[in-house]
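Student: Sequence and predicted structure below; questions after.
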Protein chains: 2
Amino acid sequence: MKRKITLKQIAKELDVSISTVSKALRNSVEISEDTRQKVQAFAKLYNYRPNNIALSLKNRKTKTIGIIIPEIVHYFFSKVITGIELVANKRGYNVIVGLSNESFDKEVINMQMLANGSIDGFILSISKETLQQQDYHHFLETINQGMPIVMFDRVVNEIPCDKVIVDDVKGAKKAVEKLVSSGCKNIAIITTKDYVSVGKLRTQGYLEALEDHKMHPEASMILKIEDKLLSDDDLDKLESEIEQLFKSNKSIDGIFAVNELYAVTAIKVARTLGLEIPKSLQVVSFTDGVLSKHSTPSLTTVSQHGQEIGEKAADLLINRLEMDEDNEEEEETFETVVIETNLIERESTK
Amino acid sequence: MKRKITLKQIAKELDVSISTVSKALRNSVEISEDTRQKVQAFAKLYNYRPNNIALSLKNRKTKTIGIIIPEIVHYFFSKVITGIELVANKRGYNVIVGLSNESFDKEVINMQMLANGSIDGFILSISKETLQQQDYHHFLETINQGMPIVMFDRVVNEIPCDKVIVDDVKGAKKAVEKLVSSGCKNIAIITTKDYVSVGKLRTQGYLEALEDHKMHPEASMILKIEDKLLSDDDLDKLESEIEQLFKSNKSIDGIFAVNELYAVTAIKVARTLGLEIPKSLQVVSFTDGVLSKHSTPSLTTVSQHGQEIGEKAADLLINRLEMDEDNEEEEETFETVVIETNLIERESTK
DNA sequence: TTTCAACACGAAAACGTTTGCGTTGCCCAA
DNA sequence: TTGGGCAACGCAAACGTTTTCGTGTTGAAA
């Protein structure tokens, strides 16, 4: 077992100084053609690669970006990571991930673990607990220490950073309008409690769409789910709440669900109640994930383009990291990029 | 914007030496109670945290582990990551991920990016292309450089490292036996080409189970899919191949699919051909993912316990990392841990 | 023969830590 | 008065790089 070789060892073997080796490898003109050849050959033979940690220390930048997301077993988030990793790698960066598990404490801990030099900047989506507590000091502190953050999907305005979001309101309107134009007269929504920013916005889009069409939203048609992490118990609860929704509103002929799981669960429940999809009930969901594509019937959904969001977020972050080098102190101005959603029509609507 | 504070700055402010500060913070007895208090107060005030990179360089260990997986938008792999991250964090490690995208080149590049000091060890699952080419030099080289690897799920025997796998043969047998005991007489398998190690093993389990029950496997009942990354075109191809399978074997009453997607696609195709699930066709799949749980009918599946695999892999790796410290040169002996699968019965079987 | 540039290379600092050891200053015993 | 010992602290090396600034040697011009 040969340990990784260092400049020092090469220098010793070849009886030159460390600096000579370093320069030779970087093709400095200071070094004679002869020694350059010799050093490079030797380095190649022993498969020399500069130690990343040493470089990070010297350059005061690690070329890695930290991702903090609530969970990873989740189509949208993993798509985003794919996008981040794609452009990060292309631009010479690595990606280190931390999971908050929707917990405030884990979010804070994770950020502290990474903010001590391990990374150059963050890309993150806020945990539900943090959104609920509205405690954002950890974000503000890391920004204050000169470490840029890019937020995506679940964002809050009061934090000075770049953001990448989808237009949830508009996307929800598209969904509801599809239902309207397909003949639905009584459209219900299955959404989350309001502290989840995207849930709130999608609810808002639902309401706006209804009003645009002179349809009056009724409180009883709005089902707000308290969704923590989905355990099996929660699933049962979800089903019974949805069943309640159908039973107390017999006239429902359209459902807008803010995520796939709510949609397939609604379909499942509806079927046990004798409703046919899409004949007597049409369904549109948010997030074009694996369930939408492959369940039966396949779901008409609003696609969020998670990968694109990730790519954009990474580009924004890296741009800012590499801009800082040049003009350190131009006044900072932050960008909020909106990724367009689009409706993908499948079998759950007419 | 205040940059992160360092020992040097604290030392300067307090007019002591760097070493005094360092020792004071670590509660060394060399330092008087007085200065200790003073330094610690100051450090707390300015929220001092030791720079991770500097520590990594000094200690020659980074306390981060590298994960290389084929893709992340994948229930099983993301479950594994969850498990890894869980125990890694608990034991003070970070996790940095690279995606090979099932490509040999990206796998190699990614490993090189990380093997230069950024991490202490790898946890990985081999890409399909690598399995196909059977070129494992990059694994052997990093192991030779003293960097331990733990492989999971897709492994090859010839590499000296710890491994965490499920018993694919046994799991497949469980699946097929369930079909047999539920009355299936003609069981087909939808699997991958043989170079995918887990596909091959599951096929083997299928064959063994049939033989155990004196049922004679026919070549026409074995559909081996060439599965690259799933694009929409591939999905069409998959459907038509499955349709072909049904049409040329009218007697099929049971399907064992080596992954969820094959299973739901088979069900979809079967339905268009007028088959009822589970009445006239029963289906069992591998991987207990989101499709199995939430599609209709829900799928009877063999659960792989991805999170457990991840947890075990992380424990193995960290154990080895921290063992190395003590007894550097005991002869190395590697472990292969088998995580038990279990069959989860749902609606797609009787 | 002297001088000076070009050439080829080495020394050392710096990035931020930790730690073994040397160095003070002081007190007390001999 | 001397010396020993202890308490409290600083120096410097080390981790592996890169880079600035010397420094020595050569050859050629004056």
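Tutor: Yes, it's here.
Student: shaky segments in chain A?
Tutor: A:1, A:228-231, A:324-331 (pLDDT under 70).
Student: Around DNA strand D, pick out the residues from it.
Tutor: Residues of chain A lying close to DNA strand D (CB under 7 Å from any atom of the strand) are A:6-8, A:18-19, A:22-23, A:25-26, A:30, A:48-51, A:54-55, A:57-58. C-betas here are computed from N, CA, C, even on glycine.
Student: Buried ones from these, can you make that a PyMOL selection?
Tutor: Burial among those is assessed by 16 or more other CB atoms under 10 Å in any protein chain shown; the matching PyMOL selection reads:
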select buried, chain A and resi 7+22+23+25+48+51+54+55+57
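Student: Which members of the residues of chain A next to DNA strand D additionally contact chain B?
Tutor: Applying CB under 8 Å from any CB of the partner chain to these, one finds that A:49, A:50, A:51, A:54, A:57 fall near chain B.
Student: Skip the chain neighbours and tell me the closest residue to the residue of the stretch 251-350 of chain A found nearest chain B.
Tutor: Distances between the stretch 251-350 of chain A and chain B by CB to the nearest CB are smallest at residue A:295, namely 4.4 Å. Sequence neighbours aside, residue B:295 is the residue nearest to residue A:295 in space, at 4.4 Å (criterion: CB to CB, 6 or more residues apart in numbering or on different chains).
Student: what sits against that neighbour?
Tutor: Residue B:295 is in contact with A:264, A:291, A:294, A:295, A:296, B:264, B:267, counting by CB atoms under 8 Å, 6 or more residues apart in numbering or on different chains.
Student: what does residue A:178 give?
Tutor: By CB under 8 Å, 6+ apart, the residues touching residue A:178 are A:284, A:300, A:343, A:345, A:349.
Student: I'd like the distance between it and DNA strand D.
Tutor: Plainly put, residue A:178 is 56 Å away from DNA strand D if you go by CB to the nearest atom of the strand, to the nearest Å.
Student: which SSE is that residue in?
Tutor: Taking DSSP states H and E as the definition, residue A:178 sits inside helix A:168-181.
Student: buried ones in that helix?
Tutor: For helix A:168-181, burial by neighbour count (16+ other CB under 10 Å) applies to A:168-180.
Student: Show the subsequent helix or strand relative to it.
Tutor: strand A:187-192.
Student: Can you pull the residues of chain A lying near DNA strand C?
Tutor: Residues of chain A lying close to DNA strand C by CB under 7 Å from any atom of the strand are A:15-20, A:29-35, A:54, A:57-58, A:60.
Student: ranges for the strands of the stretch 151-300 of chain A?
Tutor: Counting by DSSP state E, counting those that start in this stretch, the stretch 151-300 of chain A has these strands, from start to end: A:162-166, A:187-192, A:222-225, A:254-257, A:282-286, A:300-303.
Student: if you compare these, which one is most tucked away?
Tutor: Of the strands of the stretch 151-300 of chain A, the one with the most neighbours on average (mean count of other CB atoms under 10 Å in any protein chain shown) is strand A:254-257, at a mean of 28.
Student: How about that one and chain B, touching?
Tutor: No - using CB under 8 Å from any CB, strand A:254-257 stays clear of chain B, with a minimum separation of 12.5 Å.
Student: which other helices and strands contact that strand?
Tutor: Strand A:254-257 sits against helix A:168-181, strand A:187-192, helix A:260-272, strand A:282-286, with contacts defined as 3 or more CB pairs under 8 Å, 6 or more residues apart in numbering or on different chains; DSSP states H and E.
Student: any chance you could map the helices in the stretch 1-150 of chain A?
Tutor: A:7-14, A:18-25, A:33-45, A:52-59, A:75-90, A:104-115, A:128-133, A:137-144 (DSSP state H, counting those that start in this stretch).
Student: what do you get for the stretch 251-350 of chain A?
Tutor: Ranges of helices within the stretch 251-350 of chain A are A:260-272, A:290-294, A:306-326, based on DSSP H, counting those that start in this stretch.
Student: Now do the end-to-end distance for stretch A:268-286.
Tutor: This stretch, stretch A:268-286, spans 17 Å end to end (CA to CA, to the nearest Å).
Student: any residue of it up close to chain B?
Tutor: Yes - for stretch A:268-286, a contact with chain B is found by CB under 8 Å from any CB, at A:268, A:271.
Student: Residue A:165 pairs with what?
Tutor: residue A:338 (DSSP bridges).
Student: Hmm, it is touching residue A:339, no?
Tutor: Yes - contact criterion CB atoms under 8 Å: residue A:165 and residue A:339 qualify, at 7.2 Å.
Student: which residues do the two both contact?
Tutor: Shared contacts of residue A:165 and residue A:339, defined by CB under 8 Å, 6+ apart, comprise residue A:309.
Student: Kindly reformat the ones next to chain B among the residues of chain A next to DNA strand D as TSV containing distance to residue A:87.
Tutor: Output for these, formatted as TSV (distance: CB to CB, whole Å):
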residue	distance to residue A:87
A:49	23
A:50	23
A:51	25
A:54	26
A:57	25
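Student: which two in those residues are spaced the farthest apart?
Tutor: Greatest spatial distance in these: A:49 and A:57, 16.1 Å, computed using CB to CB.
Student: distance of residue A:136 from residue A:48?
Tutor: Separation of residue A:136 from residue A:48 (CB to CB, to the nearest Å): 45 Å.
Student: What of residue A:131?
Tutor: Between residue A:131 and residue A:48 the computed distance is 48 Å (CB to CB).
Student: burial count for residue A:183?
Tutor: 12 (other CB atoms under 10 Å in any protein chain shown).
Student: what's the answer for the one 3 residues further on, then?
Tutor: Neighbourhood size, residue A:186 [other CB under 10 Å]: 15.
Student: Now do the contacts for it.
Tutor: Neighbour list for residue A:186: A:221, A:249, A:251, A:252, A:253, A:254 [criterion: CB under 8 Å, 6+ apart].
Student: Now do the phi/psi pair for it.
Tutor: phi -130, psi 90 (degrees, to the nearest 10).
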